[in-house]
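S.K.: After the sequence you'll find the predicted model.
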Amino acid sequence: MFEAILFDLDGTLLDIDMDFFLTKYFEEIGRMAVDKVQCEPRRLVEQILLSTDVMIRDLNPDTRNEEVFMGDFISSLGTDEQPMRKFFDEFYLTRFPLLQGYCKPFDIVPDIMEAAFNQDIKVVIATNSVFPLRAIQCRLEWAGVGNYPYELLTCYENMHYCKPHWQYYQEIIQQIGVDPHRCLMVGNDTREDLAAEMIGIKTFLVEDRLIDRGNSPYSAYRQGNLNDLFKFIKQMTKA
């Protein structure tokens, strides 16, 4: 039936409350800013949020998300590029891993991933591409599924769009070379993840950490908890 399966990460493969996690993330990066770049933590955090919003909204096919974020961040903050790039690189290498205690793995997720790879289909980690690859690899390891040969990990270095834009999903399809109608997107957000249906991708809405802001125009092809997803994937066959 499917040639590829796309997995969201946060709240889908990893048991994480992103609102709570981000408060800890900003606390940690703020502390490092005082030590490393002599930047007032609140100003740094505010600009990260503003530049992230610029990145999410940007639909220029010629600029990768990293370029959009760093360009806006550096110009708005009025700082030099190289010291800030070094700052972010060091943060994700040394400080980001310290945040592992603010989330936990779902016990069944390694079994789900093993079942997906047993289907002999392409497997993609389709997390919103607002973080660098190192942060995504960290969270996959926290989820217990960091050691698989994924077809693609979407991150801000290799993508030009973000969720919930349909162009994000179209770019994945182009990169992995499959028919969108033969793909399944698995996620827990009724707006960001179910938006995949705009280009014909079927969706499975995971309910364990459901995010439903009440403004989604989409409906899931399948819906259930992680146990239901496990059963569904085990029964999948390629048409």
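M.R.: That came in fine, so what should we check first?
S.K.: mind checking the SS state of Gln223?
M.R.: strand (DSSP: H, G, I helix; E, B strand; the rest coil).
S.K.: what number of residues lie near it?
M.R.: 16 (other CB atoms under 10 Å). Yep, even glycine has a C-beta here, placed from its N, CA and C like the rest.
S.K.: which residues does it bridge with?
M.R.: Leu205 (DSSP bridges).
S.K.: Could you check how far it is from Glu207?
M.R.: 7 Å (CB to CB, to the nearest Å).
S.K.: Likewise for Met70?
M.R.: 36 Å.
S.K.: higher neighbour count, these two?
M.R.: Met70 (18 against 14).
S.K.: Buried residues in the helix or strand containing that one, which are they?
M.R.: If you go by DSSP states H and E, Met70 is part of helix 65-77. Buried positions in helix 65-77, judged by neighbour count with 16 or more other CB atoms under 10 Å: Asn65, Glu66, Glu67, Val68, Phe69, Met70, Gly71, Asp72, Phe73, Ile74, Leu77.
S.K.: quick one, strands of the chain?
M.R.: Here the chain has its strands, by DSSP state E, at 4-7, 14-15, 104-105, 122-125, 152-153, 183-187, 202-206, 222-224.
S.K.: Go through the ones you listed and name the closest to Gln174.
M.R.: strand 152-153 (10.6 Å; CB to CB).
S.K.: where's the closest one relative to the chain centroid, distance-wise?
M.R.: Offset of strand 152-153 from its chain centre (CA atoms, centre = their mean, to the nearest Å): 10 Å.
S.K.: Please identify the pairing partners of it and their relative orientation?
M.R.: As assigned by DSSP bridges, strand 152-153 forms pairs with strand 122-125 (parallel).
S.K.: in this structure, which helix has the most residues?
M.R.: Longest helix of the chain, by residue count under DSSP state H: helix 18-36.
S.K.: quick one: buried residues of that one?
M.R.: Buried residues in helix 18-36 (16+ other CB under 10 Å): Met18, Phe21, Leu22, Tyr25, Phe26, Glu28, Ile29, Gly30, Met32, Ala33.
S.K.: Show me where the protein dips below the pLDDT cut-off.
M.R.: 237-239 (pLDDT under 70).
S.K.: Kindly provide the distance from the residue nearest in space to the middle of it to Met70.
M.R.: Centroid check for the chain by CA atoms, centre = their mean gives Thr127 as the closest residue, at 2.0 Å. Remark: distance between Thr127 and Met70 (CB to CB) = 19 Å.
S.K.: got the contact list for the helix holding Met70?
M.R.: When contacts are defined by CB atoms under 8 Å, 6 or more residues apart in numbering, helix 65-77 is touched by residues 39, 43-44, 47-48, 50-52, 54-55, 58, 60, 63, 80-81, 84-85, 129-130, 132, 156-157, 159-162.
S.K.: could you redo the last one with a cut-off of 6 Å?
M.R.: Identification of contacts with helix 65-77 by CB atoms under 6 Å, 6 or more residues apart in numbering yields Gln47, Ser51, Val54, Met55, Asp58, Glu81, Met84, Ser129, Tyr156, Glu157, Met159.
S.K.: so who does the fourth one touch?
M.R.: Pointing back at Met55 there. Asn65, Val68, Phe69.
S.K.: now the helices for the protein?
M.R.: Under DSSP H, the chain gives helices at 18-36, 41-57, 65-77, 81-90, 109-118, 133-142, 166-176, 226-235.
S.K.: Let me have those helices in a markdown table, extended by distance to Ser216.
M.R.: Below are the helices of the chain laid out as a markdown table (distance: least, CB to CB, whole Å):
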| stretch | distance to Ser216 |
| --- | --- |
| helix 18-36 | 17 |
| helix 41-57 | 17 |
| helix 65-77 | 23 |
| helix 81-90 | 32 |
| helix 109-118 | 24 |
| helix 133-142 | 24 |
| helix 166-176 | 14 |
| helix 226-235 | 19 |
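S.K.: Alright, that wraps it up for me.
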